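# please work out how this folds:
(one chain, ligands or ions: 2)
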Amino acid sequence: MADIKIAPSILSADFAKLGEEVCAIDRAGCDYVHIDVMDGHFVPNLTFGPPIIKCIRPHTEKVFDVHLMISPSQPFLQDYADAGADIITVHAEADIHLDRSLQFIRSLGKKAGVSLNPSTPENVIEYVMDKVDLILVMSVNPGFGGQSFIPSQLEKIRRIRQMIGDRPIDLEVDGGVNTKTIGDVVDAGADVIVAGSAVFNGGDYIKSIAELRAAVAD
Ligand code: DX5
Ligand code: ZN
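Ligands and ions are numbered 1, 2, ... in the order given. As a prediction, this is how the structure comes out:
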């Protein structure tokens, strides 16, 4: 079986019982908890911020993979670190001083991630490769769950896998990943898979996560 991590996106969870939902994906065998933070400005949707992340933090020891879709992000990085994030990912498009933000995240003792929208070429991260712990390729336009995977991103994933070489960097893919698309995504070189609707919509999280892993079994 391919060695991948599954990161369910709680964007598709029932917000009225978020703590229980986080416990449920933990028990179901997720690797990371993917937390989509949206500001209604960088993306056309609004979700949650540090106080809610702080409230769900005691419900699991799994890695909190915080995907910031906010602009600017720099003034809020400390708050997300304090709320319990383990990985903090900023968007290259949202951050004029990307190098500075990545260094700052690491200085907070957190793993630093950078995300690219579908239209953003991979060369924007060429000069920060030594400052990132995770690269997040958006395979939909960020803002909403349940969208269709954009196939052009497979080539970008392949190119970034080459750029990573033997560096210890997670290559994460987010958007439209399900049992039909996960095979191509993993073949292209991704090793962390975000899945929102594919995990939460069926109701049986153990089964959904197992089906994703089975779809990339060798
Ligand atoms: C989109 C978010 C994704 C989204 C994925 O802006 O970053 O994490 O929730 O949802 P699915 O897996 O349903 O495409
Ligand atoms: Zn996300």
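# kindly report the residues of this structure close to ligand 2.
Of all the residues in the chain, those in contact range of ligand 2 (Cβ under 5 Å from the ion) are 36, 67, 174. Where you see a C-beta, it was placed from the backbone N, CA and C, and this is true even at glycine.
# read off the pLDDT value for the last one.
The one in question is residue 174. We note a pLDDT of 98 for residue 174 in this prediction.
# same deal with the second one?
If you check residue 67, the pLDDT there is 99.
# now the helices for this structure?
Applying DSSP state H to the chain gives helices spanning 18-27, 50-56, 77-83, 98-107, 153-164, 182-188, 197-200, 205-215.
# any residue of stretch 115-134 touching ligand 1?
No. Counting by Cβ under 6 Å from any ligand atom, ligand 1 is not contacted by stretch 115-134; separation bottoms out at 8.3 Å.
# can you give me the end-to-end distance of that stretch?
Start-to-end span of stretch 115-134 (Cα to Cα, to the nearest Å) is 8 Å.
# for ligand 1, what are the nearby residues on the chain?
With the criterion set to Cβ under 6 Å from any ligand atom, the chain comes near ligand 1 through 9, 11-12, 34, 36, 67, 140, 142-143, 145-147, 174-177, 194-198.
# let's see it at 5 Å
9, 11, 36, 142, 145-146, 174-176, 194-197 (Cβ under 5 Å from any ligand atom).
# any chance of a PyMOL selection covering the buried ones in those?
The PyMOL selection below is limited to those of the residues of the chain next to ligand 1 classed as buried (16 or more other Cβ atoms under 10 Å):
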select buried, resi 9+11+36+142+145+174+175+176+194+195+196+197
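# sitting in strands, which of the residues of the chain next to ligand 1 do you find?
Those of these mapping onto strands are 36, 174, 194-195, per DSSP state E.
# which residues sit in contact with the residue in the chain positioned nearest to ligand 1?
Across the chain, no residue is closer to ligand 1 than residue 196, which sits at 2.8 Å (Cβ to the nearest ligand atom). In this structure, residue 196 makes contact with 8-9, 11-12, 34, 36, 145-146, judged by Cβ atoms under 8 Å, 6 or more residues apart in numbering.
# can you tell me which two in those are farthest apart?
Within the contacts of residue 196, 34 and 146 form the most distant pair, 14.7 Å apart (Cβ to Cβ).
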